[in-house]
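Enquirer: just a sequence and a predicted model for now, questions to come.
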Amino acid sequence: MSFVSQILRRASLAERSDRPALEKAETYQKLADEAATIAERMAASMNRLSPKDLADLGPTRQKEINQLTEMMSRLRAKARQLTPN
């Protein structure tokens with residue numbers, strides 16, 4: 001299961017839970033932080049790939065990094081919506 005799928009699954013579980021909005025916001029923020037950490041580590045690991053591996057794995061890995069970055073933004077936006085101003 002990809003990192004994106006794992007985080008989406010956990011976000012979906014949080015969304016459907018009966019927990020208070022602030023707890024959901026905290027969960028979304030933690031998931032966003034986790035997505036950011038994974039994306040950073042994946043990007044750093046791309047620097048260590050050989051040119052052949054980069055050609056083979058680079059596009060797929062970059063796509064997942066982009067998905068993680070987008071998900072991170074969405075989760076942070078959801079957390080802000082649930083947090084009182």
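Expert: Looks like it came in fine. Numbering: from 1, shown residues only.
Enquirer: now the residue nearest in space to the middle of the chain: which helix or strand?
Expert: In the chain, the residue lying closest to the centroid (Cα atoms, centre = their mean) is residue 35, at 2.8 Å. Here residue 35 sits within helix 21-46, counting by DSSP states H and E.
Enquirer: same thing with residue 10?
Expert: Using DSSP H and E, residue 10 falls in helix 3-16.
Enquirer: before we move on, back to that, count of residues packed around the closest residue to the residue nearest to the centre of the chain other than its chain neighbours?
Expert: Setting aside the residues directly before and after it, residue 35 is nearest to residue 72 in space (Cβ to Cβ, 6 or more residues apart in numbering), at 4.2 Å. Glycine gets a C-beta too; all of them are placed from N, C-alpha and C. For residue 72, the count of nearby residues is 20 (other Cβ atoms under 10 Å).
Enquirer: residues of the top helix by length along the chain that come out buried?
Expert: The single longest helix within the chain, with elements called by DSSP state H, is helix 51-82. Burial within helix 51-82, assessed by neighbour count using 16 or more other Cβ atoms under 10 Å, is assigned to 61, 64-65, 67-68, 71-72, 75-76, 78-79, 82.
Enquirer: farthest-apart pair in the residues you listed, please.
Expert: Farthest-apart pair in the buried residues of helix 51-82 is 61 and 82; separation 31.6 Å (Cβ to Cβ).
Enquirer: got the contact list for residue 28?
Expert: 11, 14, 75-76, 78-79, 82 (Cβ atoms under 8 Å, 6 or more residues apart in numbering).
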